[in-house]
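[1] Pasted the sequence and its predicted model underneath.
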Amino acid sequence: MAAPAAFPTFRATRRRRAARVRAGIALVGYAGSFVTLAAMLVLAATAGALADGVPADDSTVTATYER
């Protein structure tokens, strides 16, 4: 006796599943965009602080270079 084929899925069920997958992918894309924007803002703030040379809390920074 042959094994039965996969359970039949109706076209409406496949469409709903496909819509959920598309919505999930869009959600992941939005979250990725938010994370990317936040990372870019952190990098910009870090670069600005390095270019300014003064820390945000007005503490003293000492850099020594030995040869």
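    Good, I have the coordinates.
[2] Flag the shaky bits of the chain, pLDDT-wise.
    Applying pLDDT under 70 to the predicted model, the residue ranges of the chain that meet it are 1-9, 52-56, 58, 61-63, 67.
[3] in it, which spans are helices?
    Secondary structure of the chain (DSSP state H): helices at 11-52.
[4] chain center to stretch 31-45: distance?
    Counting by C-alpha atoms, centre = their mean, to the nearest Å, stretch 31-45 is centred 8 Å from the centre of its parent chain.
[5] Check stretch 14-21 too.
    Chain-centre distance of stretch 14-21: 24 Å, with C-alpha atoms, centre = their mean.
[6] Then stretch 16-27?
    Counting by C-alpha atoms, centre = their mean, stretch 16-27 comes out at 18 Å from the chain centroid.
[7] Need the contact partners of it.
    Under the criterion C-beta atoms under 8 Å, 6 or more residues apart in numbering, not a single residue lies in contact with stretch 16-27. Where C-beta positions appear, they are placed from N, C-alpha and C, glycine not excepted.
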